[in-house]
Structures are given as structure tokens and as C-alpha cells.
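Novice: structure for the following, please:
(2 chains)
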Amino acid sequence: DGGITQSPKYLFRKEGQNVTLSCEQNLNHDAMYWYRQDPGQGLRLIYYSQIVNDFQKGDIAEGYSVSREKKESFPLTVTSAQKNPTAFYLCASRWDTIFGGYTFGSGTRLTVV
Amino acid sequence: GDSVTQMEGPVTLSEEAFLTINCTYTATGYPSLFWYVQYPGEGLQLLLKATKADDKGSNKGFEATYRKETTSFHLEKGSVQVSDSAVYFCALSDEGAQKLVFGQGTRLTINP
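Specialist: From the prediction side, this is the model:
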């Protein structure tokens, strides 16, 4: 079945360490997105990529980095510069290029201790 | 910039009650509007959408009508079930479908 795979589901890291969250899709979608979810704040856009080897900052890109070397993969690195990294991270890809329908992965919960 | 505002939660109802979750938006141009649902520990699933004014999206007994005059997209269901307990997000897609902008989410709990 086609879909988006995020791994791992739970991730624990020590403060000051960089960590990379994986996002892989086999839907052949061009555009991919990373969102951060905090309780009571909805989803906020971190980075997005419309095509391979190109990506744009979203609303809260500081402290994060991404790469898009392959169409199927859009990993997110949470760096030590991110002041409050503990959150639920969701990856998505866009299947409707006209009206904007998205498919989401099941998320990675990152806890920094 | 574009924004979405949802009614604050949490919302608690009894089974078979009528549900309304309010959603209003601010956007330039002609956005598409969506409702997504999130079950505990999971990602988001598309519940319904509407792409132009006066369109009605519907799915699984849920409905929402795109009202341009009131910039609203309220979610309704005539008779809720315990299995409808989840967090509901209203969202808009900007013209060109570059990005999705979300409301803050409304947690719904249905008691038997």
C-alpha cells in the first residue's frame, strides 16, 4: 500500500544533540512538508519542498534543517539550536496539486531530556 | 497572512447529540478548505473538503459548507458516536496549493 512512513515513532535525545527524523513516501508525490504539533497550538509549518533539491522555510524554521536529495525522502534534522524541540512532528505529501489535498504520516514524538 | 480560527475545546457531548465545530478563516484570494481528524497517537486523516464558495463537503455523516460571505466552514454532524472522539482541525490551502494553514484544533469527546 502506498503511504508515508515516519520513523521512529518515539525518539528520546539528550539536550544539545542533533537528531534526524525520517520521512519516506512511495506515493510519487512531488511536494513534501514537515509540521510541528504542540498541545493547543495546531500544526505549524517548519519546511516544505516542492521538488527534489529545492526546499523553502516555513513559519518556524529556526533550529531545523532539511534535505531533499530523492523524491521519496525528506528528512528533518532538529539541531541543538532549536530551543524547545520536544514536540510531535508530522510529515506530509501533497496529492492534489490544484486544491492542496495532503496525506500525512503517523508522526514522530521527540522528547529531549 | 492567511489564518484559521476554530472554536476552543475541549468539547464533550453525549452519544447521538448534534455536533457543531466552528471554523472561520482569513485569506486572500480563493482558498480551498479542509477538515482533518486526528485519532490519539496518529497522524491526520482528511475528513472532507470544499474547493469553492457554496460547496458542501461531506463524509462519514460529517458536513461543512464553504461560506464566502461569512468566511466560515463549520463542521456538523447530526448524531455523534463514541468513535468520533478525536481532535478535529480546520485548514485552508492557499491559492496555488503551496501550503496548508491549520487552526489550533478542537478536541472532541463523546460519552456513551
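
Novice: can you tell me what sits against the helix or strand bottoming out on mean pLDDT in chain B?
Specialist: The least trusted helix or strand in chain B, going by mean pLDDT, DSSP states H and E, turns out to be strand B:100-102, with a mean of 91. The contact list for strand B:100-102 (CB atoms under 8 Å, 6 or more residues apart in numbering or on different chains) reads A:33, A:35, A:42-45, A:92, A:100, A:102, B:1-4, B:34, B:36, B:89-94. For every residue, glycine as well, the C-beta is placed using N, CA and C.

Novice: 6 Å instead?
Specialist: Here strand B:100-102 makes contact (CB atoms under 6 Å, 6 or more residues apart in numbering or on different chains) with A:42, A:43, A:102, B:2, B:4, B:89, B:91, B:92, B:93.

Novice: just stretch B:39-57 next, same as before
Specialist: Stretch B:39-57 is contacted by residues A:90, A:99, A:104-107, B:32-38, B:58-59, B:62, B:64-66, B:68, B:86 when judged by CB under 6 Å, 6+ apart.

Novice: do stretch B:76-84 as well
Specialist: Identification of contacts with stretch B:76-84 by CB under 6 Å, 6+ apart yields B:13, B:15, B:16, B:17, B:18, B:19, B:20, B:61, B:62, B:63, B:110, B:112.

Novice: spatially nearest residue to the fourth one (excluding sequence neighbours)?
Specialist: Using CB to CB, 6 or more residues apart in numbering or on different chains and skipping the chain neighbours, the partner closest in space to residue B:17 is residue B:80 (5.7 Å).

Novice: next: residue B:90.
Specialist: Nearest non-adjacent residue to residue B:90, counting by CB to CB, 6+ apart: residue B:23, 3.6 Å away.

Novice: ok, now residue A:10?
Specialist: Counting by CB to CB, 6+ apart, residue A:109 is the residue found nearest to residue A:10 once chain neighbours are left out, at 5.2 Å.
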